[in-house]
Structures are given as C-alpha cells and as structure tokens.
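Undergrad: whatever this is, show me its structure:
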Amino acid sequence: MNDLDALLALLTPEGRALLDEVRETDPAQELAVATRLRRTRPAELVSAALGQARLRQRAAAKFGARDAGRMFFTANGVEQSTRASVAAYRAGRLAALGVTSVADLCCGIGGDAIALARAGIRVLAVDRDPVTAAAARANADALGLGELIEVREADVTEVDTSGYDAVFVDPARRGGRGRIFDPEAYSPPLSWAVAAARTASRAAALKVAPGIPHEAVPDDAEAEWISDGGDVKEAVLWFGCTPGAVRATLLPGPRTLLGTGLPDPEVRTPGRYLYEPDGAVIRAHLVAEVAGQVGGGLLDATIAYVTADELLPTPYATAYEITDRMPFNVKKLKALLRERGVGTLTVKKRGSAVEPEELRRKVKPQGPNTATVFLTRVAGAPTMLIGHPVR
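TA: Numbering: from 1, shown residues only. Presented below is the predicted three-dimensional model:
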C-alpha cells in the first residue's frame with residue numbers, strides 16, 4: 001500500500017473507526033496493539049492507522065489537541081507546517097487588509113488554508129504532491145471548512161491566480177540534504193514567488209526562512225519576523241503594505257515593534273541590567289529600537305545584548321539584574337556559585353565558543369538557589385555576567 005492508498009484507506013468508515021480505536025496508543029505499547037489488531041484487521045491498514053495516530057500526537061503541539069485529533073498528516077506535513085497561532089495571526093493581517101480570497105500556493109497539508117478560511121477568506125489551496133493535496137482536502141472537510149477551501153493538485157507555477165485578491169506562497173525550504181539557505185534554491189525560487197506576489201490585486205505574503213539576508217528583501221516589500229513564545233518561527237515578505245518597512249512581531253499578543261531607522265547603539269560599560277532582545281527583534285535588526293526604549297547601549301558592537309542602569313520593562317526583551325561581572329574564568333565562576341549555593345544554572349551565550357553543557361559539567365552547580373550566567377564579550381574581552389531574570 002503506497003502513501004496515497006494508505007491515506008485514502010484511513011478516510012473510509014473502517015479506517016476512521018480504527019483511527020478512533022488507536023487514538024490514545026502509547027508509543028511504547030504500539031507493537032502489542034498492532035499485533036492484537038492485525039488478527040482481525042488488514043495489516044497495512046493497522047500500520048497506517050498507528051502511523052497516523054503517532055503523527056497526530058506530534059502535531060498537537062502545533063495545531064492543538066482538538067484539531068490535530070481530527071486532521072490527517074504526513075511526516076513532512078507535521079515537520080514543515082505553520083504553527084496554528086502564527087497562521088491565524090497572518091490570516092488576520094490579510095483579513096484586515098480587506099482580502100476576501102487567497103491563492104495559497106504550496107499549501108502543504110492545509111494549515112494556512114485552515115487559518116485563512118477561519119478568518120472568513122475563500123481559499124484555493126494548491127500543492128503538486130498527490131498525498132499532500134489529499135491530506136489538505138481531508139483536513140478542510142474534517143474541520144468543516146470544505147465550502148471555503150478548494151484543494152487542487154497542480155504545479156503552482158501553472159496556476160492562474162487572477163481570480164483571487166491575494167497570493168500566499170510558502171516555498172519548500174528543505175531538500176535532500178536538509179534546510180536550504182539560498183532563497184533562489186527554494187522550490188519554487190524566491191524570485192518566482194516575488195513575481196507571483198506582484199500580480200496580486202490587493203496583497204500578498206511570502207513565507208521565508210527567518211535567516212533570510214536583509215539584502216534579499218525586495219524594495220517594494222515589507223519584512224516581518226515572527227516569534228511565538230520566544231522562538232523565532234518565520235519571516236514574511238508582505239506586498240500591498242508599507243514598502244521598505246521592517247517589523248518584529250511577538251506572539252502571543254500580538255506585539256509588534258516597527259523599525260524607525262535608528263543608528264546602532266553605542267557600546268558602553270555594563271550597567272545594573274542586561275536586556276536580551278527577542279529573537280525576532282534580533283533577526284529584524286531592531287536591537288537599536290529596544291536599546292532606545294530602555295535607555296541602554298551595547299556590551300559589544302557585534303553582540304545583541306543591551307545594558308542599562310535602570311529597569312524599564314519592554315515586551316521585546318527579557319530583563320536580567322546583573323550581580324557580578326568577571327573575566328572568563330571557570331575556576332572563579334565555580335567558586336562564586338558554590339559560595340552562593342547555586343544548584344540550578346542557566347547558561348546563555350553570545351560571542352563565546354564555550355558550550356553551555358560543557359560549562360555546567362565543569363562548575364558542577366549544587367545548592368538550592370538559581371542563577372543565570374552570560375558568556376559574552378564586553379568591549380571585545382571574554383566576560384561572564386552573573387544575575388537573574390527580573391520577574
């Protein structure tokens with residue numbers, strides 16, 4: 001049974017009943033469950049159901065347990081699909097721009113199409129892989145969105161999008177050797193996606209890797225970096241918005257920091273507080289905006305740690321109170337931690353080659369207290385800053 005046949009078998013009444021039966025299967029008990037079920041069910045169907053149950057369990061982190069428990073996944077679909085909270089935010093932006101219909105190109109298993117449909121937007125979802133397209137169609141039906149989502153198995157470069165207000169493109173950014181970093185090596189290439197975006201009558205959004213070079217952003221696009229719960233998830237190039245604008249958006253919230261073109265902050269001596277900007281802020285090159293909010297400067301010209309004398313909370317950075325500063329020296333750090341009774345040590349680093357686990361192993365923290373150590377540079381010199389997050 002190939003992958004498409006396995007998926008189609010799971011969509012039958014017998015397949016759905018079996019999926020319900022194995023829904024809560026513990027991976028450690030999978031072999032025993034499979035052995036029992038194969039006595040009365042086709043072996044290939046049992047394998048497909050258990051595999052799907054495993055994918056649904058993994059997908060719950062992205063889609064929530066309720067949706068994931070009804071959806072259909074492929075291994076690549078779970079890995080590469082957009083987190084539901086990010087897709088919902090993006091769909092909300094498109095709806096706010098007055099978009100009523102979207103051509104979702106490279107739709108995958110339909111995560112973005114689902115978010116768009118839930119925002120009241122009519123969607124054409126296109127993917128050239130037959131299994132992926134079938135999963136997207138099954139997911140639209142499973143979540144009651146089939147009337148708003150049309151799924152088409154086709155090459156996105158051959159699809160006419162002129163009947164839609166907007167275009168959304170999520171090119172494949174993984175190949176046989178892992179992640180692809182060159183935007184022109186995406187499938188389809190970024191240049192094709194940009195050209196498709198420029199044909200949209202109202203707006204367009206292109207999902208790209210968060211590491212995209214700023215110089216690769218077209219002049220007529222707005223660039224947005226998005227993090228969710230502190231983890232950078234993606235960058236989006238927006239067309240039909242504000243050309244040249246740069247923003248960092250933090251979820252949940254959303255909280256959005258817009259670039260104002262500030263010059264790089266000055267390097268200064270460490271103050272009482274250290275601010276660690278959110279990853280989306282760093283990727284968007286908006287550390288200067290955070291430094292301006294807190295009245296701070298940089299510890300080093302090449303490192304995105306902001307230091308200040310006062311505590312001025314900002315949602316765009318985590319604040320730490322610094323209690324100690326010393327040149328990098330493992331023995332001195334070990335002695336200080338022993339004196340303070342630190343047993344739980346968080347190690348953060350920027351500009352240091354030392355691995356956090358290696359440092360923890362060497363200092364052997366013991367005791368009831370907690371601390372955070374930053375391995376970094378201060379004006380070029382390897383330095384350790386010890387403190388704790390401000391609650």
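Undergrad: now the longest helix anywhere in the chain: buried residues?
TA: Ranked by residue count and defined by DSSP state H, the top helix of the chain is helix 43-63. Residues 45-46, 48-57, 59, 62-63 are the ones in helix 43-63 that count as buried (16 or more other CB atoms under 10 Å). Just so you know, the C-beta spots here come from the backbone N, C-alpha and C atoms, and that holds for glycine as well.
Undergrad: please apply the same query to stretch 302-320.
TA: Within stretch 302-320, the residues that qualify as buried are Ile303, Ala304, Tyr305, Val306, Thr307, Ala308, Thr314, Tyr316, Ala317, Thr318, Ala319, Tyr320, counting by 16+ other CB under 10 Å.
Undergrad: and the closest residue to the third one other than its chain neighbours, which of the three is it?
TA: Put plainly, it is Tyr305. Using CB to CB, 6 or more residues apart in numbering and skipping residues adjacent in sequence, the residue nearest Tyr305 is Leu299, 4.7 Å away. In the three-state summary, Leu299 is assigned as strand, counting by DSSP: H, G, I helix; E, B strand; the rest coil.
Undergrad: and the gap between Val123 and Trp192?
TA: 20 Å (CB to CB, to the nearest Å).
Undergrad: higher neighbour count, those two?
TA: Val123 (28 against 17; other CB atoms under 10 Å).
Undergrad: sorry, back to before: so of the buried residues of stretch 302-320, which ones are in strands?
TA: Among the buried residues of stretch 302-320, the members falling in strands (DSSP state E) are Ile303, Ala304, Tyr305, Val306, Thr307, Ala308, Ala317, Thr318, Ala319, Tyr320.
Undergrad: just flag the most distant two among these.
TA: Of all pairs drawn from those, the greatest distance, 16.8 Å, lies between Ile303 and Ala319 (CB to CB).
Undergrad: mind listing what's buried in the helix or strand following the longest helix of the chain?
TA: The C-terminal neighbour of helix 43-63 among helices and strands, as given by DSSP states H and E, is helix 65-68. For helix 65-68, a neighbour-count test (16+ other CB under 10 Å) marks Asp67, Ala68 as buried.
Undergrad: quick one: mean pLDDT for helix 65-68?
TA: Mean pLDDT, taken over the full extent of helix 65-68, equals 96.
Undergrad: and if you look at stretch 286-295?
TA: The predicted model assigns stretch 286-295 a mean pLDDT of 97.
Undergrad: list the buried residues of it.
TA: Neighbour counts using 16+ other CB under 10 Å place Leu286, Val287, Ala288, Glu289, Val290, Ala291, Gln293, Val294 of stretch 286-295 among the buried residues.
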